[in-house]
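Trainee: Quick one, fold the following:
(2 chains, ligands or ions: 1)
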Amino acid sequence: MVRVKFFATLRDITGKREMEIKNVKNVAELLQRLYEMFGDEFRKEIERRNMILVNGKNILDMDGYETEIKEEDEISIFPPAGGG
Amino acid sequence: MYGYWGKILRVNLSTGEIKTEEFGEDFVKKWLGTRGFGIHYLLKEMDPKVDPLSEENKMIFSTGALTGTTAPTGGRYMVITKSPLTGYIAMANSGGFFGAELKMSGWDAIIVEGKSDKPVYLRIEDDKVEIKDASHIWGKRVGETERILTEEFGDKHVQIASIGPAGENLVKFAAIMNNGHRAAGRGGVGAVMGSKKLKAIVVRGHKRVEVIDKSKFISVVREKTEKLKNDPVAGSGLPSFGTAVLVNIINQNGLYPTMNFRYGQFEYAEEQSGEAMAKKYLKRNKPCYACPIGCGRVNDMDTVGETEGPEYESTWALGANLGINDLASIIEANHLCDDLGLDTISTGGTLATAMELYDKGLLKQDDLGDAPPFRWGNTEVLHYYISKLAKREGFGDVLAEGGYRLAEKYGCVDCFMGVKKQELPAYDPRGAEGHGLGYATDNRGGDHIKAYLISPEILGYPYKMDPHDISDDKVKMLILFQDLTAVIDAAGMCVFTTFGLGADDYRDLLNAAFGFDLSTEEWLKIGEKIWNAERLFNLKAGLKPLEEDTLPKRLTDEPMPEGPNKGHVVRLKEMLPRYYALRGWKEDGTIPEEKLKELGLEEYI
Ligand code: SF4
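Mentor: Residues are numbered from 1 along each chain as shown, chains lettered A, B, ... in the order given. Predicted structure coming up:
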């Protein structure tokens, strides 16, 4: 079971802080599933810019949307955010 | 001249003399503003070895090139002086409305010299400048000071920069506050003001800052403002959740310093996140002068009423770094720090040092008597010791000296998590190594805002860099950030604009205001000059680069124990020599004469 955590505006859009999901092999597939579940609003928020971590590691430092997901992985998804 | 009046106010508090001095366009092209102006005067007029709390130390309150114009976030001012905390340069930046008002009063900067023997404040109403008695407000907190002075002035539009009891009592990390909650926070600039017995600067201006070509400037401002509004971070992320949105981000990325940087993740981060704050306490946003972003938070709490903040840094410093999870206590402590005039980062860092010493058995309950134990997570520590240290009462007198001196007193310098005696901010560099090089080389010591490498290493701006890459590309990026930030500071703009704007955008705004035709590289060269001049000041003040351009041992020698950065340290030794070389410095970290000449700094050698 893969654990997916949502942050900031994504919590309002999905109505959840986290959920579990089965049978996804990479980030692209996971996003596809989430788009189906949460619709255009979710897709738009993510497509503007995002930060996706697999076990705390940014997918941009790994294989991007092709980054593999394994059972027991924890995925964190953030909408565009910054501060200082 | 446009953009500036070309007028500097010089006030000597020892003699009571008030003078006007002038500068021309050449000075702007050389130093741009704020930090640039400040370092020029310090290098020219003061021995960098002076005691920071003596009458020989000078303070420069300076606006920037675009302060008071309609440039987005163009409302900032800086305080430049020698820091009593680090013994090196301090350049503290603040937003709110004070900077713009100062410019509108017809003064670009104020140089404060000497020392008054009784409490005074400076009253500026356009050309009229007076030194006034402040004995009736000495001892008062920031909120009350602002209320009384506003009433006395009889104009609610007046702007005030003041110190609280912490500055008066020479707490080494006292801040200068304006608009209640905006702080020129770091380096103990409030203590320098306190040592001069200068309680406040009260300013009201009725002039309009002119730019050379109004319609051109308006169109450039409009374009850059649009850019910021359309940027997902500056236009929606920061306004929605404020800077505290970073709590979850940095925690999930595994570099949220927990319990004095022992760990990189805090179990209860969620409870003190920007999301939690927005749900429970947020009342509205509050932007600074001319700011289209508006990251400021107004929170409402039963205990303290309406308050502002805490920002990400303060949330962490008064929370996770002490093992404290209770958001209400953190908000209250932040309010208290603002009202007493304290830098929240150093306050939290000092308390964290005390907790580490207590945990190790080096600081004993006997040393504290009946006062609360410094146990991790003990919220009682916050209110009790923050109040005590601001007044230097009891053990508070030891805390008021900052974390380094505290750790030294109890025989464990390695328990102090700071650089150049200044407490570190809210990112464990074992999860962002370039940011760690930034800490080690920052002219004002442990600090994140003069070169925010978290942007590329974690947030992905302007593009994503691997946080554990330590190649020359990373070192060059740090140097670029240091130089560009000096330009943004000197322009009088907020560094948060970097989420939506790039170096060329600042060039456009500056050129349009002054009618200059400088390239981006030429503006960055001014940033490089400022950085080098500040370094020169530090070297003259006695900086030993190889010993002091460093990080606490925990970060270079003890691998992160858990989380996404498990096993990592900061490979500082591998980066530092390359940093010196790429800066054009000598192997020992000093600046060769040719470099100083190349930057036009020969007159300051
Ligand atoms: S972004 Fe935030 S700190 Fe910067 S000027 Fe705007 S409100 Fe002030």
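Trainee: distance between the ends of stretch B:164-177?
Mentor: With C-alpha to C-alpha, to the nearest Å applied, stretch B:164-177 spans 8 Å between its terminal residues.
Trainee: Please apply the same query to stretch B:101-111.
Mentor: Between where stretch B:101-111 begins and where it ends, there is a gap of 17 Å, by C-alpha to C-alpha.
Trainee: Stretch B:297-311 too?
Mentor: Distance between the boundary residues of stretch B:297-311 (C-alpha to C-alpha) amounts to 8 Å.
Trainee: Measure how far that stretch is from the centre of its chain, please.
Mentor: Averaging C-alpha positions (C-alpha atoms, centre = their mean, to the nearest Å) puts stretch B:297-311 21 Å from its chain's average.
Trainee: Which secondary structure elements does the least confident helix or strand in chain B by mean pLDDT sit against?
Mentor: The helix or strand with the lowest mean pLDDT-type score in chain B, counting by mean pLDDT, DSSP states H and E, is helix B:238-241 (a mean of 88). For helix B:238-241, the contact count by 3 or more C-beta pairs under 8 Å, 6 or more residues apart in numbering or on different chains; DSSP states H and E identifies helix B:274-280 as packing neighbours. C-beta coordinates here come from the backbone N, C-alpha and C atoms, glycine included.
Trainee: buried set for whichever helix or strand comes after the helix it packs on?
Mentor: Toward the C-terminal end, the helix or strand that comes next after helix B:274-280 (DSSP states H and E) is strand B:282-286. Residues of strand B:282-286 classed as buried: B:L282, B:N285, B:K286 (neighbour count, 16 or more other C-beta atoms under 10 Å in any protein chain shown).
Trainee: so the first one bridges to which residues?
Mentor: So the one you mean is B:L282. Here B:L282 sits in beta bridges with B:N299, going by DSSP bridges.
Trainee: Tell me the spacing between the residue in chain A that chain B sits nearest to and B:Y256.
Mentor: With C-beta to the nearest C-beta as the measure, A:G56 is the residue of chain A nearest to chain B, at 2.8 Å. If you measure A:G56 against B:Y256 using C-beta to C-beta, to the nearest Å, the figure is 11 Å.
Trainee: Same drill for the two, tell me which one is more crowded.
Mentor: More crowded of A:G56 and B:Y256, by other C-beta atoms under 10 Å in any protein chain shown: B:Y256, with 26 against 19.
Trainee: who are the neighbours in contact with that one?
Mentor: For B:Y256, the set of contacting residues under the criterion of C-beta atoms under 8 Å, 6 or more residues apart in numbering or on different chains consists of B:V247, B:I250, B:G264, B:Q265, B:F266, B:A269, B:W316, B:A320, B:A426, B:D428.
Trainee: Determine the number of other residues adjacent to B:T303.
Mentor: B:T303: 10 surrounding residues under other C-beta under 10 Å.
Trainee: my guess is it meets B:A333, correct?
Mentor: No. Counting by C-beta atoms under 8 Å, B:T303 sits too far from B:A333 to count as a contact (11.1 Å).
Trainee: ok, back up a step: could you point out the helix or strand that follows the least confident helix or strand of chain B?
Mentor: Moving on from helix B:238-241 towards the C-terminus, the next helix or strand you reach (DSSP H and E) is helix B:246-252.
Trainee: Mind naming the longest helix for the chain?
Mentor: The chain I'm using is chain A. Longest helix of chain A, by residue count under DSSP state H: helix A:27-48.
Trainee: wait, I meant chain B there
Mentor: helix B:520-541.
Trainee: okay, the angle between the host helix or strand of B:M91 and helix B:520-541?
Mentor: Following DSSP H and E, the helix or strand that holds B:M91 is strand B:89-94. Interaxial angle, strand B:89-94 versus helix B:520-541 (axes from the mean of the first three to the mean of the last three C-alpha atoms, to 10 degrees): 130 degrees.
Trainee: just how off-centre is the next helix or strand along the chain from strand B:89-94 within its chain?
Mentor: Taking DSSP H and E as the definition, the helix or strand that follows strand B:89-94 towards the C-terminus is helix B:98-104. The chain centre lies 19 Å from the centre of helix B:98-104; the measure is C-alpha atoms, centre = their mean.
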